[in-house]
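In: Predicted model, plus sequence, below.
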Amino acid sequence: MQKILVIEDEPQIRANTQEVLELGNFLVITAENGQAGLKLAEEEQPDLILCDIMMPELDGYGVLKALRHQPATAQIPIIFLTARSDQADIRRGMNLGADDYLPKPFEPTELLRAVNVRLKRQATLAQYFSHSAQSPANTAEKPTEYDSITHLPNWLSLQKRFEYWRHQIHDSPLTLVLLKINPFSAIRHDLGHTFSNSLLKEIAERLRSHWNSADTCIDLTVHLGTDQFALLFQGVASPLSPLVQEIDRLLEKLTQPFHINNHKVSIFVDMGLAIYPDQGVDLDSLITHAEKCFEPTPHQPGPSPLHLKAANRSKDHRLSLETSLRQALEKEEFAIYYQPQIDLKTGRITGAEALLRWAQPHTGFIPTSQFLTFAEETNLMIPIGEWVLYAVCNQIKEWHATKREPVTVAVNISAQQFRQANFSHKIHHILQTTQIDPLFLDLELTESLMMQDIDLTISTLQTLKRLGVNIAIDDFGAGYSSLRHLQLLPFDTLKIDQQFVRNIDKNPGNRVIVRAIIQMAHNLHINTVAEGVETARELAFFKEHNCRAMQGYLFSHPLRPTEFEQLLTSKANFSANIA
Ligand code: C2E
Ligand code: MG
Ligand code: MG
């Protein structure tokens, strides 16, 4: 006989429910509040639980969470009984892992139908698990399903839980969040294994206490191994969903400093996310997908991009980062560095790319692409971009006044700048105020930017061309572009993306593509620039295939204006390197 636990504080409803179920041939046990219900659930291991939501002290949500957190009761199906039936309640219950929802008052037949459907499903699942030798009922006792250091559920638990949901909810979405602790290996190296294990325990404790908080939607918190943790959610993390807000709060908790054995350590949390079934139908592919979302570990000095990423997530930090960026503009903390571009025939410097740098007084250099991403999100990209354009045009003017050899400078333009309605007017105005020859200004737009809204791109580019400036396609090859579209775009230079340049000598596939790109550019009378050339072999390939120019660490890192000036006046010639 199957055993059903009824947790209900109203004596009348409790008695009625019991009666109906007993008539339906079930063995019924009852509890008059949440706490008593939890205790009974653990002792009696019922096949199903019917639970009221509105109860004093421990309500139905609290019961559900506690059940799901105890391995012994985690898999028992639960049906909520409640007078409240608005959508938000249903969703909240389902998010926490309720299996069904029965609005009160209900007819006896409704109750029995709901119970039978649920039990049948559970039987099917049990069969599935016993076939795959993974019975969820006995997952609990095995110590191998918990991490030995942190005592959090481990990979095996995650796999079981995931399979359980997959069969329970079919194609309803699940979200898997991967958290990677940085710089974990450095901490272990510097402070030892004992210390780093204590750190892991503290991290696990923060995760656990968060999990125990009332408003979590996390279904399972897992320690996957050394520096990786995972969270499993039911549902999808869209930008405004409670799930994302919860991840924000959690990241904020994790990035508060830890005090262990008289040491204060802060960690950065790298986060990746994948959604079942869209981004993978098994755990391995979901994890691979989530890992791809990880930011690369930073090599630059200054705060890690991960720190910025975590900071980006909380409103306060957002505000402070936004204020810092505004102040940076006012206090002139920005600088422009110039990376020389070399003509591959003559070995001469023909131009430079202007690259923005932000040196924060307290923290030093902050990686450009990181703060620019943030600037894009906050509309600060437009004033920053304008500052760059003015600064570069004034610099071009100064160099032209004092140096004999004219140089062309390329400025990167972001999507937000380019899509302003009056962008070409602004360029016109800047050219007029600074009085430079537009021929010496290149505007670099990424390939992916150009391909969005191609009609608008074409018309803006045409206006810009009429002003006399040059247009370069940046990071060419990194996105998807159609050749038909390329032909319609009025541009002068094509910058071959670093990913094609890297190890070109060892990659036959890339060699074919790059040869074709250069050939096509020649036919269209377009300049080519190889970006990020680091080795003599890479250089040799581009020279041999008549690429027009190159830019990269092999010749020079981006330089301060005075350093670049010295290079220009020394009439530096790289032909020896090129030969
Ligand atoms: P990008 O326009 O593709 O710039 C090239 C990036 O590659 C620069 O990174 C440069 O320092 C780096 N680089 C140059 N040579 C080598 C090399 O040999 N090896 C390697 N590994 N890297 C090399 P940076 O300065 O960090 O800038 C990153 C991106 O930020 C730029 O990519 C550009 O998209 C954007 N950016 C930089 N300054 C500005 C700006 O003033 N405005 C806008 N809108 N974007 C900017
Ligand atoms: Mg560029
Ligand atoms: Mg580039």
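Out: The structure has been received and is ready for your questions. Numbers count the residues shown, from 1 in each chain. Ligands and ions are numbered 1, 2, ... in the order given.
In: so where's the stretch 151-300 of the chain uncertain?
Out: Residue ranges of the stretch 151-300 of the chain with pLDDT under 70: 169-171, 213-215, 237-241, 294-300.
In: Show the residue spans covered by the helices in it.
Out: Taking DSSP state H, counting those that start in this stretch, the helices of the stretch 151-300 of the chain run over residues 155-169, 184-212, 242-254, 283-292.
In: Please name whichever of those is nearest to Ile275.
Out: helix 283-292 (8.0 Å; C-beta to C-beta). Bear in mind the C-beta positions are built from the backbone N, C-alpha and C, glycine included.
In: buried stuff in that closest one?
Out: Using 16 or more other C-beta atoms under 10 Å as the test for burial, helix 283-292 gives Leu283, Leu286, Ile287, His289, Ala290.
In: just checking, the first one touches Leu156?
Out: Read that as Leu283. No - if you go by C-beta atoms under 8 Å, Leu283 and Leu156 don't touch, sitting 10.8 Å apart.
In: Can you pull the residues that touch both of the two?
Out: Residues touching both Leu283 and Leu156 (C-beta atoms under 8 Å, 6 or more residues apart in numbering): none.
In: pretty sure Glu444 contacts Val411?
Out: Yes - here Glu444 reaches Val411: they are 6.6 Å apart, a contact under C-beta under 8 Å.
In: Just want to know which of the two has more residues nearby.
Out: Counted by other C-beta atoms under 10 Å, Glu444 and Val411 do not tie: Val411 has more neighbours, with 24 against 20.
In: For the strand or helix carrying that one, name the packing helices and strands.
Out: Val411 is part of strand 408-412 when elements are defined by DSSP states H and E. Identification of packing neighbours for strand 408-412 by 3 or more C-beta pairs under 8 Å, 6 or more residues apart in numbering; DSSP states H and E yields strand 349-360, helix 381-402, strand 441-446, strand 470-476.
In: hmm, 7 Å instead?
Out: Secondary-structure packing of strand 408-412 (3 or more C-beta pairs under 7 Å, 6 or more residues apart in numbering; DSSP states H and E): strand 349-360, helix 381-402, strand 441-446.
In: After that strand, which helix or strand is next?
Out: Downstream of strand 408-412 (by DSSP H and E), the next one is helix 415-418.
In: can you list contacts of stretch 516-530?
Out: For stretch 516-530, the external contacting residues (C-beta atoms under 7 Å, 6 or more residues apart in numbering) are 341, 476-477, 491-496, 501, 542, 545-551.
In: how long is that stretch end to end?
Out: Chord length of stretch 516-530, first to last residue, is 14 Å (C-alpha to C-alpha, to the nearest Å).
In: which residue sits closest to Gln35 in space, ignoring its chain neighbours?
Out: Leaving aside its sequence neighbours, Gln35 sits nearest to Leu58 (C-beta to C-beta, 6 or more residues apart in numbering; 5.5 Å).
In: How about the residues of the stretch 201-350 of the chain by ligand 1?
Out: Residues of the stretch 201-350 of the chain lying close to ligand 1 (C-beta under 6 Å from any ligand atom) are Gln339.
In: Quick one: name the residues of the chain near ligand 2.
Out: Residues of the chain lying close to ligand 2 (C-beta under 5 Å from the ion) are Asn412, Glu444, Asp474.
In: The closest residue to ligand 3 within the stretch 251-400 of the chain bridge partners, please.
Out: Nearest residue of the stretch 251-400 of the chain to ligand 3: Glu353, at 8.1 Å (C-beta to the ion). With DSSP bridges as the criterion, Glu353 is bridged to Gln339, Ala410.
In: In this structure it contacts Gln339, no?
Out: Yes - between Glu353 and Gln339 there is a contact under C-beta atoms under 7 Å: 4.9 Å.
In: intersection of neighbour lists for these two?
Out: With contacts taken as C-beta under 7 Å, 6+ apart, Glu353 and Gln339 have Gln551 as neighbours in common.
In: rewinding a little: dump the buried residues of helix 283-292 into TSV; add distance to Lys397 as well.
Out: Output for those, formatted as TSV (distance: C-beta to C-beta, whole Å):
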residue	distance to Lys397
Leu283	59
Leu286	54
Ile287	54
His289	49
Ala290	49
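In: residues of the helix or strand where His522 lies that come out buried?
Out: Using DSSP H and E, His522 sits in helix 508-523. For helix 508-523, the buried set under the neighbour-count rule, 16+ other C-beta under 10 Å, comprises Asn510, Val514, Arg515, Ile517, Ile518, Ala521.
In: Stretch 272-280 too?
Out: Those buried within stretch 272-280 under the rule 16+ other C-beta under 10 Å are Gly272, Leu273, Ala274, Ile275, Tyr276, Gln279, Gly280.
In: CA atoms only: put stretch 460-480 into PDB for me.
Out: Provided in PDB are the C-alpha atoms of stretch 460-480 (Å, rounded to 0.1, in the frame of the first residue of the first chain):
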ATOM      1  CA  THR A 460      26.200  56.100 -42.900                       C
ATOM      2  CA  LEU A 461      29.400  54.900 -44.500                       C
ATOM      3  CA  GLN A 462      28.500  56.700 -47.700                       C
ATOM      4  CA  THR A 463      28.100  60.000 -45.900                       C
ATOM      5  CA  LEU A 464      31.400  59.400 -44.000                       C
ATOM      6  CA  LYS A 465      33.200  58.700 -47.300                       C
ATOM      7  CA  ARG A 466      31.900  61.900 -48.700                       C
ATOM      8  CA  LEU A 467      33.600  63.700 -45.800                       C
ATOM      9  CA  GLY A 468      36.900  62.200 -46.900                       C
ATOM     10  CA  VAL A 469      37.700  59.800 -44.000                       C
ATOM     11  CA  ASN A 470      38.900  56.300 -44.500                       C
ATOM     12  CA  ILE A 471      36.900  53.300 -43.300                       C
ATOM     13  CA  ALA A 472      38.500  50.100 -42.100                       C
ATOM     14  CA  ILE A 473      36.800  46.800 -41.300                       C
ATOM     15  CA  ASP A 474      38.300  45.600 -38.000                       C
ATOM     16  CA  ASP A 475      38.600  42.000 -36.800                       C
ATOM     17  CA  PHE A 476      37.700  40.700 -40.300                       C
ATOM     18  CA  GLY A 477      37.100  37.000 -40.300                       C
ATOM     19  CA  ALA A 478      35.900  36.900 -36.700                       C
ATOM     20  CA  GLY A 479      32.200  37.300 -37.600                       C
ATOM     21  CA  TYR A 480      30.000  36.100 -40.400                       C
END
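In: right, and Ala230 touches Trp155 too?
Out: No - contact between Ala230 and Trp155 fails when scored by C-beta under 7 Å: they sit 8.5 Å apart.
In: which residues do the two both contact?
Out: Residues touching both Ala230 and Trp155 (C-beta under 7 Å, 6+ apart): Leu224.
In: of these two, who's got more company?
Out: Shown here are Ala230 and Trp155; by other C-beta under 10 Å, Ala230 has more neighbours (24 against 18).
In: can you count the residues close to the spatially closest residue to the more buried one that is not a sequence neighbour?
Out: Nearest residue to Ala230 in three dimensions, chain neighbours excluded: Val222, at 4.4 Å (C-beta to C-beta, 6+ apart). For Val222, the number of neighbouring residues by other C-beta under 10 Å comes to 27.
In: Isn't Val222 up against Phe229?
Out: Yes - in this structure Val222 lies within contact range of Phe229 using C-beta under 7 Å: 6.5 Å.
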